[in-house]
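# Turn this into a model:
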Amino acid sequence: MDEKIKKLEEMIAAGDPAVMDYLAEVTAQATSPEDKSRLDELAARLMNESRESLDRAERAIEEHLLREQLGPLAEALNMSYIARTYFGKSRSWLSQRLNGSVVNGKRASMTDEEKATLTSALQDIQSQISAFTRTA
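Residues are numbered from 1 along each chain as shown. The predicted model follows:
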């Protein structure tokens, strides 16, 4: 059983897609409380890693959607102005977050608060454009 559990650990570490089937097979063969406990720990670890992977995928999709939502508007707006005025940051900082660039080994993304700030900034710019067009 130790060899099977070790193989299972290696499969988890390697991200082997067959790990769930092998886990079910090994769990069915486990008889001792110690083996069952080890398998429970591995199953919990696998579930945790799966949740983290799903969270990363959801964040990537969310960031992609943000870029898609901006579309050509990103070219029409001065991102340097938005970054400096509303975030107190550089254009590259904002660009990294909008594009999901890898920075210091991690994918850059916006926090919920930063997304709210961006929404507020765009609404403010919209108000300024509306005010200008009424007076022009």
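# so which strand or helix has the residue nearest the centre of the chain?
The residue lying closest to the centre of the chain (C-alpha atoms, centre = their mean) is Arg59, at 2.7 Å. Per DSSP states H and E, Arg59 falls inside helix 33-70.
# list the helices and strands that helix packs on?
In terms of contacts (3 or more C-beta pairs under 8 Å, 6 or more residues apart in numbering; DSSP states H and E), helix 33-70 is packed against helix 2-14, helix 19-29, helix 91-99, strand 106-107. C-betas here are computed from N, CA, C, even on glycine.
# Measure how it sits relative to helix 19-29, angle-wise.
Orientation of helix 33-70 against helix 19-29 (axes from the mean of the first three to the mean of the last three C-alpha atoms, to 10 degrees) gives an angle of 160 degrees.
# What's the mean pLDDT across helix 33-70?
Taken as a whole, helix 33-70 has an average pLDDT of 80.
# Centre of the chain to the next helix or strand after that helix, how far?
The element immediately downstream of helix 33-70 (helix or strand, assigned by DSSP H and E) is helix 73-76. How far helix 73-76 lies from its chain's middle: 24 Å, per C-alpha atoms, centre = their mean, to the nearest Å.
# Put the alpha carbons of helix 73-76 into CSV.
The C-alpha coordinates for helix 73-76 follow below in CSV (Å, rounded to 0.1, in the frame of the first residue of the first chain):
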residue,chain,number,x,y,z
LEU,A,73,-12.0,51.9,-25.8
ALA,A,74,-8.5,51.2,-24.3
GLU,A,75,-7.0,52.7,-27.4
ALA,A,76,-9.2,55.8,-27.4
